[in-house]
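Enquirer: my questions concern the predicted model and sequence given below.
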Amino acid sequence: MYSFNSIFSNAWKRLCDNNGISYSEKNIQTLVDLITEQAYNTKIHDAKILQRIDIFFVKLGQSEAIKSLLTDYLDTESTAVWDWNLPISLVDRYRRDARYFKVMDSVEDFKMISQFIVEGLDQMLREEYIRAISYFYKALELETSWLMSVTFSTDFIFVYVDKLRRTNFIISYVKICLNILNDDALRRAKNNELFEQAIQDATFVLRTFVAFVKNISSDILFNKFLQEWMSIQASVNKIHEKMLSELIKKYFSVIESKDANGLNLPFEYLDHIIAVDNEKTLYERYDRLICKCKEVFKAYNPPDPLN
């Protein structure tokens, strides 16, 4: 498989001459084509998008805007070698160019969603799984609103919205949290003194699952949880039998219900916006925490940040 880095580095060398940047239309178009290909091969949850405004432009269907961006705002004094993982050197004035206001607004929305993902990942690594779930829920709520605005915007008419969606990526981490919480509840259920608390925790897991997952009856993890609780029925004493039976009935009730997602949230709803890190810090935290979570939670098959 060919290396993006080598291709982009060679393209950058061709763009530059002894006097700095060559603004020939052919050279600029070559870079646009390479960035477009790069964007096509970069998943929306890849950390590099947070520091590659050019890739984000392409994701929003703004290929022509990329051409004007490179033509008008490449930093001719930069001596940086172009690495496909690093930002292209642009003169910061492009942020004040009215042609790019809509895209930059969208970038800020994307960064805010990313910030909530980052805080959720951070809470997971602190083993604050319920708090993490609150951050992930807010990220999904903001994403839904953002994608709606993109869908109905006349500025982004060539966007395939599903390619901008990180829903499954986020829910993968929610499921890891729920898996851990459910495993803990099952362990508690083995202790008669902790059984009632175990059922309360299991009910929290169920209600949270419903808040995040559609088509719940066909969800593999949901059915795994149900089977796990059904499997301990024979070992439960008479005192706790009714509590377990009620939990299992709730599982089946959710499966049969057509309005399962209408239940009240069992976790804290974050009704405020948080401060967003600067681009470099946000990128570094996002990249580092995803890699760390992949290592720490490998038993739960966390998403691969590059696939």
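Expert: Structure received.
Enquirer: so how far is the lengthiest helix in the chain from its chain's centroid?
Expert: Scanning the chain for the longest helix, with DSSP state H as the assignment, gives helix 101-125. In terms of CA atoms, centre = their mean, to the nearest Å, the centre of helix 101-125 is found 8 Å from the chain centre.
Enquirer: next one: stretch 141-153
Expert: Offset of stretch 141-153 from its chain centre (CA atoms, centre = their mean): 15 Å.
Enquirer: may I have that stretch as PDB, with CA atoms only?
Expert: The C-alpha atoms that make up stretch 141-153 are tabulated as PDB, following Å, rounded to 0.1, in the frame of the first residue of the first chain:
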ATOM      1  CA  GLU A 141     -27.400  15.500  21.200                       C
ATOM      2  CA  LEU A 142     -25.100  18.200  19.800                       C
ATOM      3  CA  GLU A 143     -24.200  16.000  16.800                       C
ATOM      4  CA  THR A 144     -27.900  15.500  15.900                       C
ATOM      5  CA  SER A 145     -28.500  19.300  16.000                       C
ATOM      6  CA  TRP A 146     -25.300  20.000  14.000                       C
ATOM      7  CA  LEU A 147     -26.100  17.400  11.300                       C
ATOM      8  CA  MET A 148     -29.600  18.800  11.000                       C
ATOM      9  CA  SER A 149     -28.200  22.200  10.300                       C
ATOM     10  CA  VAL A 150     -25.800  20.800   7.700                       C
ATOM     11  CA  THR A 151     -28.600  18.800   6.100                       C
ATOM     12  CA  PHE A 152     -30.800  21.800   5.500                       C
ATOM     13  CA  SER A 153     -28.100  24.300   4.700                       C
END
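Enquirer: tell me the domain ranges of the chain?
Expert: Split into domains by automatic domain parsing, the chain comes to 4-96, 106-262.
Enquirer: using CSV, lay out those domains together with mean pLDDT, distance to residue 272 and mean neighbour count.
Expert: (Glycine included, C-beta is placed from N, CA and C.) Shown next, in CSV, are the domains of the chain (pLDDT from 0 to 100; distance: least, CB to CB, whole Å; neighbours: other CB atoms under 10 Å):
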stretch, mean pLDDT, distance to residue 272, mean neighbour count
domain 4-96, 78, 22, 16
domain 106-262, 92, 9, 17
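Enquirer: how about those domains in JSON lines, adding distance to residue 281?
Expert: Output for the domains of the chain, formatted as JSON lines (distance: least, CB to CB, whole Å):
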{"stretch": "domain 4-96", "distance to residue 281": "10"}
{"stretch": "domain 106-262", "distance to residue 281": "10"}
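Enquirer: how about those, which one is nearest residue 269?
Expert: domain 106-262 (7.1 Å; CB to CB).
Enquirer: just the residues contacting the host helix or strand of residue 209, thanks.
Expert: Using DSSP states H and E, residue 209 sits in helix 195-212. By CB atoms under 8 Å, 6 or more residues apart in numbering, the surrounding residues in contact with helix 195-212 are 130, 133, 136-137, 140, 171, 174, 178, 181-182, 184-189, 191, 216, 219, 221-222, 225, 229, 236, 240, 243-244, 246-247, 250-251, 254, 260-261, 263, 265-267.
Enquirer: thanks a lot, see you next time.
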